[in-house]
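>>> sequence first, then the predicted structure:
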Amino acid sequence: MKFLSTFLFVAALTVSGCANDATVMDDGSAAIGKEPMRPAVKPADDAKQHAHQHGAETKGACADAKVSPSSKCAETVSAAFDGNGVLWIAWVNNDHVYVQSSDDKGLSFTAPVMVNSGAEKIEAKGEYRPKIKLDAKGNIYLTWTLKLEHRHSGYIRFSRSTDGGQHFSAPVTVNDNLDVISHRFDSMAIGKNGEIFIAWLDARDFEAAKKAGQKFEGSSLYYSWSDDGGQHFYPNKRIATHTCQCCRLDTAIAPDNTPVITWRHVFEGGIRDHALVKFNDWNTPGDTHRLGRDNWKIDACPHHGPGLAISESGIYHAVWFSNSPTSQGLFYAYSTDSGRHFSTPVNFGKAGAGHPHVLAVGSRVNVVWQEFDGANNVIKLIKSADDGKSWSKPEAIAQTAQAGDQPFLVTDGQKMYLSWKTRQQDYQLKPIGE
C-alpha cells in the first residue's frame with residue numbers, strides 16, 4: 001500500500017448494549033456459537049464528537065409538527081440512485097419517514113412525500129437510520145426501526161412504492177417475533193431480479209435463554225427476504241447467534257446474485273472482531289468467516305459497525321474500526337475468494353477517526369470516514385484505482401464546526417459521491433473526482 005498510518009486510540013467507557021458469539025475454526029472461519037451483552041466503549045475523541053453531535057435536542061421549527069417537514073431537521077439522511085441517475089433520499093422528521101428525489105445531483109429536490117401516514121417513533125441517529133434502496137424497475141423500498149417502549153426494543157418496518165415515489169404502502173413489520181424486545185440495526189440489499197433481503201439484530205434467542213435460566217451472550221442475526229417485490233416475506237431465519245448488539249450491519253449482493261452480510265461478531269474468548277457470511281442461495285446462509293484478526297477483547301460496545309462493497313469483478317472490499325492493543329483505528333482489506341480469506345489489513349485514519357464507509361465502481365475503490373479534530377467534524381477520503389492494492393494519501397473533503405452525521409458513499413453507476421448531512425443544514429451530495 002502507498003499509504004499506511006497507525007495511531008493510538010484512547011478508549012473511554014459509556015453504558016450501552018452489545019453481545020458475544022462463535023468459535024474460531026482452524027482455517028480462520030467461525031463456527032456459529034455462543035455468548036451476551038455488556039457496557040459500551042467509545043474512543044475518547046469519538047465520545048466527544050458524539051456528545052457534540054447529540055448533546056442538544058432539536059429546537060424551534062424542527063420540533064413543531066405544524067411546520068412543513070424539512071430534511072434540515074433530520075439527524076440522518078440515507079441516499080441511493082436509481083437506474084436513470086435520479087437521486088433518492090430518505091429522512092425522518094417528527095415521527096414520519098419522508099422521501100424526496102433529485103434529477104440534478106442534489107441541487108434541488110421534489111417536495112417531501114410522507115411514507116408512514118401514522119406517526120411512530122423511529123430510530124434515526126448514529127448507527128440507526130432508515131434505509132432506502134431501488135430495484136432495476138425503479139420500485140422504491142424502505143426499512144427502519146420502530147422504537148418501542150422498553151429500552152433498546154424495536155420492530156423492523158418495511159414500506160414500498162411502485163409508482164415512482166408518489167405513494168407508499170402501509171408499513172409492515174418484518175420480524176415475525178413480536179415480543180417487545182430488541183429487533184434493530186436493520187440492513188437491506190436488493191437482488192438483480194428484484195429480491196429484497198433484510199437482516200437485523202434480534203434478541204429473541206437471548207430472551208428465550210434468559211427464561212430458561214441459561215447464559216446467552218449478546219444478540220442474534222436474523223433475516224427475511226421477498227421474491228415478489230415486498231408483497232410477502234418469507235419466515236425469519238437465523239444467520240448467527242451471539243452477535244454484538246450495538247453495531248450496524250452491512251449487506252451487499254455478490255455477482256452470482258446472492259446476499260453477503262458482515263457484522264461485528266464475538267468470537268471465542270470474548271474477541272469482538274468481524275464476521276462475514278455469503279449465502280449459498282437466498283434461503284441458505286453459508287459458512288461464517290472471520291474478517292480481520294484484531295483480537296479485540298472487550299466486554300463493552302464499540303458502536304462501530306463494518307462497511308462492505310462488492311465490485312462487479314467479485315472482489316469484496318471491507319472497512320472497520322478496532323481498538324485492540326495491537327490494532328487501533330480504521331482498517332481496510334479485500335478478498336478475491338468470496339470472503340473466505342482477506343488481504344493483510346491496511347490501517348488508516350488517526351485519533352478521533354471512526355465510522356468508515358467503502359464503495360467500489362469497477363477497479364476504483366473509495367473510502368470515507370469521520371474525524372473530530374477537537375474543533376471540527378472532518379470528512380476524510382482515500383482512493384484506490386487498482387482494486388484496493390494501493391491508495392492515495394488521505395484528504396479532507398468536507399468539514400463543519402456544527403454537528404455532523406456519519407459519511408456515506410453513493411454512486412450513479414459511473415461517478416461516486418459523498419452523501420453527508422450536518423445538523424439543521426441542507427443535505428450535501430459532493431462528487432468525488434477520480
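Sure thing, it's come through.
>>> what is the neighbour count of the nearest residue to His183 once chain neighbours are set aside?
Distances taken as Cβ to Cβ, 6 or more residues apart in numbering place Asn175 nearest to His183, at 4.3 Å, with adjacent residues excluded. Just so you know, the C-beta spots here come from the backbone N, C-alpha and C atoms, and that holds for glycine as well. The number of residues packed around Asn175, counting by other Cβ atoms under 10 Å, is 23.
>>> surely Asn175 meets Phe158?
No: in this structure Asn175 lies outside contact range of Phe158 using Cβ atoms under 8 Å: 10.2 Å.
>>> end-to-end on stretch 246-259?
Start to finish, the residues bounding stretch 246-259 are 22 Å apart (Cα to Cα, to the nearest Å).
>>> got the buried residues for it?
246-254, 258-259 (16 or more other Cβ atoms under 10 Å).
>>> same check on stretch 292-310?
Within stretch 292-310, the residues that count as buried by 16+ other Cβ under 10 Å are 292-294, 296, 298-310.
>>> report pLDDT for the residue nearest to His183.
On pLDDT, Asn175 comes in at 98.
>>> quick one: it and Asn257, what's the gap?
25 Å (Cβ to Cβ, to the nearest Å).
>>> ditto for Ala189
11 Å.
>>> same thing with Tyr427?
Distance, Tyr427 to Asn257, by Cβ to Cβ: 31 Å.
>>> please apply the same query to Phe81.
20 Å.
>>> tell me where the protein has helices.
Along the chain, counting by DSSP state H, helices occupy 44-54, 204-211.
>>> surely Ile140 meets Leu134?
Yes: using Cβ under 8 Å, Ile140 is in contact with Leu134, at 5.5 Å.
>>> the two: which is more packed in?
Between Ile140 and Leu134, Ile140 has the larger neighbour count (other Cβ under 10 Å), namely 24 against 19.
>>> which strand residues bridge the more buried one?
Leu134, Ser161 (DSSP bridges).
>>> same check, this time on the one 4 residues further on
Note on Trp144: beta-bridge partners Arg157, judged by DSSP bridges.
>>> residues in contact with it?
Contact analysis of Trp144 by Cβ atoms under 8 Å, 6 or more residues apart in numbering lists 92, 97, 122-124, 129-131, 156-157, 186.
>>> now Tyr223
Neighbours of Tyr223 in contact, by Cβ under 8 Å, 6+ apart: 197-200, 236-237, 239, 259, 261, 285.
>>> which residues of this structure score low on pLDDT?
Along the chain, the parts satisfying pLDDT under 70 run over 1-60.
>>> remind me, longest strand of it?
strand 271-281 (DSSP state E).
>>> that one - contacts with which helices or strands?
strand 237-243, strand 259-267, strand 284-291, strand 316-323 (3 or more Cβ pairs under 8 Å, 6 or more residues apart in numbering; DSSP states H and E).
>>> any idea which of the ones you listed is most buried?
Among the helices and strands packed on strand 271-281, strand 259-267 has the highest mean neighbour count (mean count of other Cβ atoms under 10 Å), at a mean of 28.
>>> now for that one, which elements pack on it?
Under the contact criterion of 3+ Cβ pairs under 8 Å, 6+ apart, strand 259-267 touches strand 196-202, strand 219-226, strand 237-243, strand 250-253, strand 271-281, strand 284-291, strand 307-310, strand 316-323.
>>> and these: which comes nearest Leu330?
Checking the helices and strands packed on strand 259-267 against Leu330 by Cβ to Cβ gives strand 316-323 as the closest, at 5.6 Å.
>>> now do that closest one against strand 284-291, angle only.
Angle between the axes of strand 316-323 and strand 284-291 is 50 degrees (criterion: axes from the mean of the first three to the mean of the last three Cα atoms, to 10 degrees).
>>> go through stretch 340-359 and flag the buried ones.
For stretch 340-359, by 16+ other Cβ under 10 Å, it's 340, 342-343, 345-359.
>>> shared neighbours, Ile140 and Leu134?
Counting by Cβ under 8 Å, 6+ apart, the residues touching both Ile140 and Leu134 are Trp88.
>>> please, where are all the strands along the stretch 51-200 of the chain?
Along the stretch 51-200 of the chain, counting by DSSP state E, counting those that start in this stretch, strands occupy 77-81, 87-93, 96-102, 113-114, 131-134, 140-147, 154-161, 172-173, 183-190, 196-202.
>>> quick one: contacts of the first one?
Same thing as strand 77-81. 71, 87-91, 129-134, 405, 408, 410-413, 419, 421, 427, 429.
>>> and if you look at the fifth one?
Taking contacts as Cβ under 8 Å, 6+ apart, the residues outside strand 131-134 that touch it are 78-83, 88-90, 99, 140-144, 186-190, 196.
>>> so which of the contacts of Tyr223 comes closest to Tyr334?
Nearest to Tyr334 out of the contacts of Tyr223 is Ile261 (Cβ to Cβ; 17.1 Å).
>>> report the contact partners of that closest one.
With Cβ under 8 Å, 6+ apart, Ile261 has these contacts: 187, 199, 221, 223, 239, 249-251, 276-277, 308.
>>> run the last query once more with 10 Å
By Cβ atoms under 10 Å, 6 or more residues apart in numbering, Ile261 lies in contact with 187, 189, 197, 199, 221, 223, 239-240, 249-252, 275-279, 285, 288, 306, 308, 339.
>>> go on, Glu75?
53-54, 58, 62, 91-93, 124-126, 128-129, 403-405, 421-424.
>>> among these, name the buried ones.
53, 62, 91-93, 124-126, 128-129, 403-405, 421-424.
>>> export the buried residues of stretch 246-259 to a markdown table and tack on distance to Lys211?
Output for the buried residues of stretch 246-259, formatted as a markdown table (distance: Cβ to Cβ, whole Å):
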| residue | distance to Lys211 |
| --- | --- |
| Cys246 | 23 |
| Cys247 | 26 |
| Arg248 | 28 |
| Leu249 | 26 |
| Asp250 | 32 |
| Thr251 | 31 |
| Ala252 | 36 |
| Ile253 | 37 |
| Ala254 | 38 |
| Thr258 | 35 |
| Pro259 | 31 |
